[in-house]
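Enquirer: Below are the sequence and a predicted model for it; my questions follow.
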Amino acid sequence: MRPQASPAASAPSASAQSAAPTVGKEGQVSNAAWEQDMRDFAARDAANPPPRDAVLFIGSSSIRMWETLAQDFPGTPVINRGFGGSEVRDSTWYADRIVTPYKPRQIVFYAGDNDLNSGRSPQQVAADVQAFIARVRRDLPGVPVVYLSIKPSPSRANLLPQIRQANALIQQRTAQMRDVRYVDVFTPMLGPDGQPRPALFREDMLHMTADGYALWTKALAPYIAP
């Protein structure tokens, strides 16, 4: 697997892009491209220890670029560990470094559209999400997980059928899991014509504006642990 290659997506450094994929014990695949991101997180934690008993937001660039998390969820300690261009399997691979150590009260997870864009099937993405949750459960069995559905980006409108299928499969699987919530942000991001609403996106038509994050905050707020 390689990191997201779309020109509009956040990309790792040139040296990172040359790193070979790595296969873990549990069949999860990731890429060493994200090693520098992990080191940056560790350095940040050493300089400013993250809050305890926080809500951990993890996933791809839609999480990384959510710079208003603290303001959007006032009174709730939050940690942002999104890394741009990542896929579901990357968060699973690095869970021992950016999930488990924080012992969060809750995890909010967003990833999946980079996966589909790189050629993963809806069935594979749904299985990857299930594997991520299983990985979390191994070390943090009582921590609730919220999965944000794959968003509909105008730049990836050609993937809408796959996104719909992946979301449906993930919703079905998470409905059978204890302490896992599926939050639909896909539907409210569509216009009356059934297409993504451009006003919710930046010029690249992939990453979101403040209005996009306001929509996510409204959809997610009822599920955030107080």
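Expert: Nice, I can see it. Numbers count the residues shown, from 1 in each chain.

Enquirer: how many other residues sit next to the residue lying closest to residue 167 once chain neighbours are set aside?
Expert: Distance criterion Cβ to Cβ, 6 or more residues apart in numbering; nearest residue to residue 167, sequence neighbours excluded, is residue 149 at 4.7 Å. In this view, the C-beta of every residue, glycine as well, is placed from N, C-alpha and C. By the criterion of other Cβ atoms under 10 Å, residue 149 has 23 neighbours.

Enquirer: dump the residue contacts of residue 149.
Expert: Contacts for residue 149 (Cβ atoms under 8 Å, 6 or more residues apart in numbering) come out as 167, 170-171, 182-186.

Enquirer: Select from these every entry located in strands.
Expert: Using DSSP state E, 182-183 are the members of these that sit in strands.

Enquirer: Please type out the PyMOL selection for whichever of the contacts of residue 149 turn out to be buried.
Expert: A single PyMOL command selects the buried members of the contacts of residue 149 (16 or more other Cβ atoms under 10 Å):
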select buried, resi 167+170+182+183+185+186
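
Enquirer: and the gap between the residue nearest to residue 167 and residue 129?
Expert: According to Cβ to Cβ, to the nearest Å, residue 149 stands 10 Å off from residue 129.

Enquirer: Now for those two: what residues contact both?
Expert: Joint contacts of residue 149 and residue 129 (Cβ under 8 Å, 6+ apart) are residue 170.

Enquirer: thinking again about what came up before, what is the nearest of the contacts of residue 149 to residue 46?
Expert: Distance to residue 46 across the contacts of residue 149 (Cβ to Cβ) is lowest for residue 183, with 32.5 Å.
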